[in-house]
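> Output the structure for:
(one chain, ligands or ions: 1)
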Amino acid sequence: MTPHFPHTESASAELSGVSLAYPKGPAVLTGLDWQLLPGQVVGLLGRNGAGKTTLLETLLGLREPDAGRVQLFGQDVAALDDTARARIGYVPQHSDLFEGFTPAQLLAYFKSFYPRWNDAKVEGLMSRWDIRADQPIRKLSGGQKQRLSIIRALAHEPDLLVLDEPVASLDPAGRRDFLRELVGEVLDRGATVVFSTHILSDLERVAFNIAFLAQGRIALQAPLDELLDQVRAFTGSVTEMAALMGRLGLQPLKRTPLEAGRERVLARLPAGGALPGGVAAERLNLDDLFTELT
Ligand SMILES: Nc1ncnc2c1ncn2[C@@H]1O[C@H](COP(=O)(O)OP(=O)(O)OP(=O)(O)O)[C@@H](O)[C@H]1O
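Presented below is the predicted three-dimensional model:
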């Protein structure tokens, strides 16, 4: 189920024509367009090195693109005012928490920066996620540090929450609880949550939007249940495939040449669209989609 929020609200994040290459390095983002709306939970999928971290850092204004425009809450990311800044929460892939602080000291420190801070939420999560507030952070396990970093990012109730591989060091129970919390954020307040992950099964638990990053662009973004329902693989000769795509009015998402002049074409049927009789097509699961689209 996709929650609906008023259309008048502007995108939480909007990237247009964003390109970025590292000095002497590869082109990572190549004319990328992306829009994140209030009320969306978006899982960002891409292979190792596809540029997920680079994309999230660029979205947050931590990296300056070579070309294109990044706007958060309708403001240019390079010139965000303090109010807009306070609406962002970020959990980097490797959090640098102050190891000598206790969690209580760390949270008190961050609290001082934000006009809004939900103490009840912090206390609830600290006890549910089993983090002692009064021992030095360096004594926490990797998973506990990651949870603390997530609590820090949720505490000021951000309208845009960006998490880079947040579940990597959480155990399966921790991941499930964490995902529930994320979805709660969205349903409660219409926040936007975007996170990168490699763990496909996590995405299957909740009706997330999935964005596939490949060749420097968002190849496709849609609610997972729609993708599983609508994306099909067709196989036939190149001429048959071209005729079929034309007849059905479909845009190929991916074409893979096969032997003997045949090809496999991935395309997305329109919502509620049915295939005409006699046309065979294969459904894909999330693993297949990941392999084909990233
Ligand atoms: N600081 C940097 N300088 C030069 N090249 C970089 C830098 N950071 C990343 N890269 C390169 O840019 C590409 C994208 O890296 P990035 O970390 O954004 O990918 P990713 O999708 O997050 O990868 P992973 O899933 O492995 O975390 C890679 O080829 C990487 O080697």
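> Which stretches in the stretch 1-150 of the chain count as strands?
Ranges of strands in the stretch 1-150 of the chain, per DSSP state E, counting those that start in this stretch, are 13-21, 27-36, 41-45, 67-72, 75-76, 88-91.
> Tell me where the model's unsure across the stretch 151-294 of the chain.
Where the stretch 151-294 of the chain drops to pLDDT under 70, the residues are 205-207.
> can you map out the helices along it?
Along the stretch 151-294 of the chain, the stretches classed as helices by DSSP state H, counting those that start in this stretch are 172-189, 200-204, 224-230, 238-248, 286-293.
> helices or strands next to the first one in the packing?
Here helix 172-189 touches strand 41-45, helix 142-155, strand 192-196, going by 3 or more Cβ pairs under 8 Å, 6 or more residues apart in numbering; DSSP states H and E. The C-beta positions use only the backbone N, C-alpha and C, and glycine is treated the same way.
> Not counting its own residues, what contacts that helix?
3, 39-41, 125, 128-129, 143, 147, 150, 154, 157, 159, 161, 166-167, 170, 191-193, 195, 199, 202, 205-206 (Cβ atoms under 8 Å, 6 or more residues apart in numbering).
> at 7 Å what do you get?
3, 39, 41, 143, 147, 150, 154, 157, 161, 167, 170, 191, 193, 202, 205-206 (Cβ atoms under 7 Å, 6 or more residues apart in numbering).
> can you list the residues of the stretch 101-250 of the chain near the ligand?
Contact residues, the stretch 101-250 of the chain versus the ligand (Cβ under 6 Å from any ligand atom): none.
> Apply 8 Å and report the result again.
Within the stretch 101-250 of the chain, the positions near the ligand by Cβ under 8 Å from any ligand atom are 164-165, 196, 198, 213.
> so how far is Gly261 from Gly190?
51 Å (Cβ to Cβ, to the nearest Å).
> neighbour-wise, which of those two wins?
Set Gly190 next to Gly261 and count neighbours by other Cβ atoms under 10 Å: Gly190 wins out with 18 against 11.
> gap between that one and Phe208?
Between Gly190 and Phe208 the computed distance is 16 Å (Cβ to Cβ).
> and what of Gln35?
Remark: distance between Gln35 and Phe208 (Cβ to Cβ) = 16 Å.
> Neighbour count for the two, which is higher?
Neighbours per residue (other Cβ under 10 Å) separate Gln35 from Phe208, with Phe208 holding more: 25 against 14.
> Establish whether stretch 63-78 and the ligand are in contact.
No. Stretch 63-78 stays clear of the ligand (Cβ under 8 Å from any ligand atom), getting no nearer than 8.9 Å.
> which other residues reach that stretch?
Residues contacting stretch 63-78 (Cβ under 7 Å, 6+ apart): 10, 12-21, 29, 54, 57-59, 61, 80-81, 84, 87-88, 160.
> Can you flag the buried ones in those?
Buried by 16 or more other Cβ atoms under 10 Å: 12-15, 18-21, 29, 54, 57-59, 61, 80, 84, 87-88, 160, out of the contacts of stretch 63-78.
> measure stretch 111-122 end to end?
Across stretch 111-122, the terminal residues are separated by 11 Å (Cα to Cα, to the nearest Å).
> re the thing from before, adding distance to Glu292 and mean pLDDT as columns, could you present the strands of the stretch 1-150 of the chain in a markdown table?
Listed next are those as a markdown table, based on distance: least, Cβ to Cβ, whole Å; pLDDT from 0 to 100:
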| stretch | distance to Glu292 | mean pLDDT |
| --- | --- | --- |
| strand 13-21 | 24 | 98 |
| strand 27-36 | 19 | 97 |
| strand 41-45 | 12 | 93 |
| strand 67-72 | 27 | 97 |
| strand 75-76 | 36 | 96 |
| strand 88-91 | 29 | 93 |
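> Surely Asp159 is in contact with Arg85?
No. At 11.3 Å, Asp159 and Arg85 do not qualify as touching, with contact defined as Cβ atoms under 7 Å.
> More neighbours: these two, which one.
Applying other Cβ under 10 Å to Asp159 and Arg85 shows that Asp159 carries more neighbours, namely 20 against 14.
> phi, psi of the more buried one?
When read as degrees, to the nearest 10, the backbone of Asp159 gives phi -90, psi -20.
> quick one, what contacts it?
12, 87, 191-192.
> Turn those residues into JSON lines, including distance to Gln251.
Formatted as JSON lines, these follow (distance: Cβ to Cβ, whole Å):
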{"residue": "Ser12", "distance to Gln251": "27"}
{"residue": "Arg87", "distance to Gln251": "35"}
{"residue": "Ala191", "distance to Gln251": "32"}
{"residue": "Thr192", "distance to Gln251": "27"}
